[in-house]
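Chemist: Sequence below, structure please.
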Amino acid sequence: MSCVFCAIRDGRLPAVTLAEDERAFAILDINPIHDGHTLVIPRAHAETIFEIAEEDVVATMRLARRVAAGIHKALRPDGLNLLQNNGPAAFQSVPHFHVHLIPRWDDDDKGFTWDLVPGNPSRMRDVAGRIRAAL
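Modeler: Numbering: from 1, shown residues only. Predicted coordinates for the structure are as follows:
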């Protein structure tokens, strides 16, 4: 299966590039939520956080921070979402690890909320123990 981000990386598909280095590149999203919606993508192909090499995650986040600063300076949004999805259940639409930088403005009517429901303390302790054991 061909990967759209690998095709962009290899110059086989066009993109508006904002920044790049030897390990990652940042492009404008072709379906932006707002002007400046950016994708930061590692050059090495890995589908999710579960497969990507640690050094590629670090490089991607380093570039994401740099580009976020540029978005902040150039566009002056009221906020910025940093979003990273893993797998279809988490709404990952391209199976290549990537980070979204989404500038946000007060009252932009885009949403991204869920109801706050307090967790069950006993269940939370149980889940924490299972995760710690897996680490």
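
Chemist: CA atoms for contacts and neighbours, from now on please.
Modeler: Will do.

Chemist: if we look at the longest helix belonging to the chain, which residues are touching it?
Modeler: Longest helix in the chain, counting residues (DSSP state H): helix 54-75. Helix 54-75 is contacted by residues 18-20, 23-26, 36, 40-42, 44, 49, 77, 80, 98-99, 101, 103 when judged by CA atoms under 8 Å, 6 or more residues apart in numbering.

Chemist: does the residue most central in space within the chain have beta-bridge partners, and which?
Modeler: Nearest residue to the geometric centre of the chain (CA atoms, centre = their mean): Val99, 1.7 Å. Taking DSSP bridges, one finds Val40 as the beta-bridge partners of Val99.

Chemist: How about Leu82?
Modeler: Beta-bridge partners of Leu82, as defined by DSSP bridges: Leu101.

Chemist: Quick one: residues contacting it.
Modeler: Val99, His100, Leu101, Ile102.

Chemist: shouldn't the second one be in contact with Leu39?
Modeler: Yes: taking CA atoms under 8 Å as the definition, His100 is a contact partner of Leu39 at 4.7 Å.

Chemist: These two - which one has more neighbours?
Modeler: Applying other CA atoms under 10 Å to His100 and Leu39 shows that Leu39 carries more neighbours, namely 26 against 22.

Chemist: the strands in the chain, which residues?
Modeler: For the chain, the strands defined by DSSP state E occupy 17-20, 24-28, 38-42, 79-83, 99-104.

Chemist: Turn the ones you listed into TSV, columns for distance to Ala7 and mean pLDDT.
Modeler: Listed next are those as TSV, based on distance: least, CA to CA, whole Å; pLDDT from 0 to 100:
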stretch	distance to Ala7	mean pLDDT
strand 17-20	14	96
strand 24-28	13	96
strand 38-42	12	97
strand 79-83	22	97
strand 99-104	17	96
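
Chemist: For those strands, state which one has the densest average packing.
Modeler: Compared across the strands of the chain, strand 38-42 shows the largest average neighbour count, a mean of 29 (mean count of other CA atoms under 10 Å).

Chemist: Which neighbouring elements make contact with that one?
Modeler: Helices and strands touching strand 38-42, by 3 or more CA pairs under 8 Å, 6 or more residues apart in numbering; DSSP states H and E, are strand 24-28, helix 54-75, strand 99-104.
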